[in-house]
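Trainee: Please work out how this folds:
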Amino acid sequence: MELKNMVALVARNGRHLQRYNNKGRRQVVGCIPYRYKVTSQTSPKHEDGLEVLVITSQRKGKGMLFPKGGWEMDEKIEEAALRETVEEAGVMGTVEDMLGKWIFKSKGNDAYYEGYMFPLLVKEQLDLWPEKDIRQRLWMSVGEAREACHHGWMKDALNKLERRFLSEQQQGEEKMDLAL
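Mentor: Residues are numbered from 1 along each chain as shown. Sure thing, here's the model as predicted:
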């Protein structure tokens with residue numbers, strides 16, 4: 001068994017290293033894992049070819065969401081985002097520029113959280129990961145993910161990701177037009 005798979009079998013737990021902001025809100029980080037769906041009709045950068053990975057909530061009936069969890073004191077924010085994504089969704093890749101920061105209320109209690117989300121270009125999908133037995137993962141289109149996700153702040157992060165890709169796609173087309 002490769003080292004990365006052995007390490008991926010153990011998730012962090014407990015909150016003794018958990019970060020809180022100056023208002024006492026727990027700080028959480030996560031990723032929107034994505035890949036380009038390449039078909040004969042679409043180029044790898046076409047928006048319709050973009051797929052995102054969602055996971056099931058640990059609570060039955062709470063819908064789909066993107067991987068996220070606590071940002072701990074001994075981690076950089078990008079490291080925490082990648083760790084949570086490996087633990088919950090079993091994928092590895094490149095963490096890209098932050099999509100933003102959101103303040104949201106927990107659906108399970110009255111606490112407010114400070115959440116940060118990043119895009120993650122998936123390079124590898126693991127066969128074994130810490131939460132494999134308690135979560136399912138599913139690739140879907142941006143539109144399908146928007147409908148499946150029940151968290152408004154995560155939908156907002158997905159919308160920002162989609163706008164970023166559309167902007168990059170438009171800039172790429174403009175550069176091609178200038179080259180002609």
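Trainee: before we move on, which element is residue 117 in?
Mentor: Using DSSP states H and E, residue 117 maps to strand 112-125.
Trainee: Alpha carbons of that strand, as PDB, please.
Mentor: Output of strand 112-125 as PDB, limited to C-alpha atoms (Å, rounded to 0.1, in the frame of the first residue of the first chain):
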ATOM      1  CA  TYR A 112     -22.300  30.800  13.500                       C
ATOM      2  CA  TYR A 113     -19.200  29.800  11.600                       C
ATOM      3  CA  GLU A 114     -16.600  31.500   9.400                       C
ATOM      4  CA  GLY A 115     -16.100  29.500   6.200                       C
ATOM      5  CA  TYR A 116     -13.500  29.700   3.500                       C
ATOM      6  CA  MET A 117     -13.800  27.900   0.200                       C
ATOM      7  CA  PHE A 118     -11.200  27.100  -2.500                       C
ATOM      8  CA  PRO A 119     -11.400  25.400  -5.900                       C
ATOM      9  CA  LEU A 120      -9.400  22.100  -6.100                       C
ATOM     10  CA  LEU A 121      -8.300  20.800  -9.500                       C
ATOM     11  CA  VAL A 122      -8.500  17.100  -8.900                       C
ATOM     12  CA  LYS A 123      -5.400  15.200  -9.900                       C
ATOM     13  CA  GLU A 124      -6.100  11.900  -8.200                       C
ATOM     14  CA  GLN A 125      -9.100  10.000  -6.800                       C
END
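Trainee: what angle do the very next helix or strand once past that strand and strand 112-125 make?
Mentor: Following strand 112-125 in sequence order, the next helix or strand is strand 137-141 (DSSP H and E). Orientation of strand 137-141 against strand 112-125 (axes from the mean of the first three to the mean of the last three Cα atoms, to 10 degrees) gives an angle of 90 degrees.
Trainee: Quick one: list the elements packing against strand 137-141.
Mentor: For strand 137-141, the packing partners by 3 or more Cβ pairs under 8 Å, 6 or more residues apart in numbering; DSSP states H and E come out as strand 50-56. Heads up, the C-betas are built off the backbone N, CA and C, glycines and all.
Trainee: Can you tell me the number of residues neighbouring residue 90?
Mentor: 24 (other Cβ atoms under 10 Å).
Trainee: And the one 4 residues further on, by the same measure?
Mentor: Residues lying near residue 94 (other Cβ under 10 Å) number 12.
Trainee: I'd like to know the average pLDDT value across the strand holding residue 117.
Mentor: Strand 112-125 shows a mean pLDDT of 97.
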